[in-house]
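S.K.: Build me a structure from this.
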Amino acid sequence: PKSYETPGGPHASLEFFRPAPDGRHAVAGLAKGGSEITTLFVRDLASGKDLPDSIDRIETAYNDPQWLPDSSGFFYSRRKPLPPGTPASETYQFTTAFLHRLGQPVAQDTAIFGVGLAPGVPFAPMDFPSVWTFPGSDFVIGQIHHGDSLELSLYAARLDGLGAKSIAWKKICDLGDSV
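M.R.: Here you go, the predicted model:
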């Protein structure tokens, strides 16, 4: 974290660090001055240098970025951009989970899981979506953390189906199941 601090500026806190399965890169989330406003950086571990793939407004409360099995990219959750003067109460609304491919501009990242992205997958404005991967699995799990509630909704989708215009999410459990 010290390498991200500016002289005389606030300290930086490491929010997460996750190496890619192939060990060539890692994602790290840093927040400055205890702000809990996290920016994600991708580091080439051999050179020790960051790639240009930094992403701001990262949501870290309920997940860390998850690498694709082939290390070509990762899933992350991001808060929406807010225009100046927006009430602070809107900061956590309409968070979306994205897929980022290394070397691709962040503006081209694919929205994967969130409000209005999948028919049959209900989201409320305060829900926090995230996408989880598991070594050796052909599936990902879409998790919905419902605001401050302890209950989760979980959905599964095939990893190779994430490029489809409409991802085929299958419900595993919902609020009524008290998971």
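
S.K.: only C-alpha atoms for contact and neighbour calcs from this point on.
M.R.: Will do.

S.K.: tell me the contacts of the closest residue to Ser153 other than its chain neighbours?
M.R.: Distance criterion CA to CA, 6 or more residues apart in numbering; nearest residue to Ser153, sequence neighbours excluded, is Asp174 at 4.2 Å. Taking CA atoms under 8 Å, 6 or more residues apart in numbering, we find Asp174 in contact with Leu152, Ser153, Leu154.

S.K.: Show the contacting residues for the first one.
M.R.: So that's Leu152. Gln143, Ile144, His145, His146, Cys173, Asp174, Leu175, Ser178, Val179.

S.K.: Any chance of TSV for the residues you listed, columns pLDDT?
M.R.: Converted to TSV, the contacts of Leu152 look like this (pLDDT from 0 to 100):
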residue	pLDDT
Gln143	96
Ile144	96
His145	94
His146	92
Cys173	96
Asp174	93
Leu175	88
Ser178	87
Val179	84
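
S.K.: Secondary structure for the residues you listed - can I get that in a markdown table?
M.R.: As requested, the contacts of Leu152 are exported to a markdown table (DSSP: H, G, I helix; E, B strand; the rest coil):
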| residue | secondary structure |
| --- | --- |
| Gln143 | strand |
| Ile144 | strand |
| His145 | strand |
| His146 | strand |
| Cys173 | strand |
| Asp174 | coil |
| Leu175 | helix |
| Ser178 | coil |
| Val179 | coil |
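
S.K.: Closest one to Gly161 out of these, please.
M.R.: Gln143 (16.9 Å; CA to CA).

S.K.: For the residue nearest to that closest one when sequence neighbours are not counted, which residues are in contact?
M.R.: In space, and not counting its chain neighbours, Gln143 is closest to Leu154: 4.7 Å by CA to CA, 6+ apart. By CA under 8 Å, 6+ apart, Leu154 lies in contact with Ile141, Gly142, Gln143, Ile144, Lys171, Ile172, Cys173, Asp174.

S.K.: Run through who's touching stretch 117-133.
M.R.: 62-63, 66-69, 75-77, 92-97, 111, 113-116, 139-147, 166-169.

S.K.: in what helix or strand does the residue nearest the centre of the chain lie?
M.R.: The chain has Tyr76 as the residue nearest its centroid, 1.6 Å off, counting by CA atoms, centre = their mean. According to DSSP states H and E, Tyr76 maps onto strand 73-78.

S.K.: Can you list the strands that the helix or strand just after that strand pairs with?
M.R.: As assigned by DSSP H and E, the chain's next helix or strand after strand 73-78 is strand 96-101. Its sheet considered, strand 96-101 pairs with strand 73-78 (antiparallel), strand 110-113 (antiparallel) by DSSP bridges.
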